[in-house]
Each structure stands twice: as C-alpha cells, then as structure tokens.
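Undergrad: what shape does this take:
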Amino acid sequence: MLMQSFADAHVNRLQVDDNMDVLEVAAGSGALTELLSKTAKSILATDFAPQMIEVLRERMDAAGATNIRYEVMDGQD
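TA: Next up, the predicted model:
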C-alpha cells in the first residue's frame, strides 16, 4: 500500500513499452508489477521472500496478467 501512491508516476518515468522485457527486483506485493504488466512485453518479478512471491502471483492472477514470471531471488546476491 505504501508504494501504490508512487507507482503511477514511477512507471510513467520508465517509459516501458511492449517491446521491453523487464526485471523487477524486490517486487513485493506488486504495486509496480501490475502497472508494468499492462505495457511490458514480459516481466521477471523477483523477491527474496517466497511468501511475497505467492502474494504477488495471486494478485497478478486476479488482475489477469499473463506476461509475468515469478522467481525467489535475493537482489543483493
């Protein structure tokens, strides 16, 4: 919820289009992921917490996003 208020402005600055593959590190619950899924060719959404990946997957499934892969990864590793 904290990120949601900044997500639109942030994604607009990125200027992602349907030719781009996106790597999202520390995707969390998906505030950016959901917006990016509407314009990106594909997304690899990562988070170090398996529980967050499950929350993210459920949220994106409910939103109908089909261009996202999910991986448990440590962005500092």
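Undergrad: drop to CA atoms for contacts and neighbour counts, all remaining ones
TA: Will do.
Undergrad: check the chain for its longest helix and report it.
TA: helix 50-63 (DSSP state H).
Undergrad: and that helix, average pLDDT?
TA: Averaged over helix 50-63, pLDDT sits at 96.
Undergrad: and the next helix or strand after that helix, what's buried?
TA: Moving toward the C-terminus from helix 50-63, the next helix or strand (DSSP states H and E) is strand 68-72. For strand 68-72, the neighbour count (16 or more other Cα atoms under 10 Å) marks I68, Y70, E71, V72 as buried.
Undergrad: identify the residues contacting the last one.
TA: Taking Cα atoms under 8 Å, 6 or more residues apart in numbering as the criterion, V72 is in contact with T46, D47, F48, A49, P50, I53.
Undergrad: cool, and N19?
TA: A40, K41.
Undergrad: please, which helix or strand holds the residue nearest to the spatial centre of the chain?
TA: Geometric centre of the chain, nearest residue: T33, 2.3 Å, by Cα atoms, centre = their mean. T33 is part of helix 31-37, with elements assigned from DSSP H and E.
Undergrad: cool, thanks, talk later.
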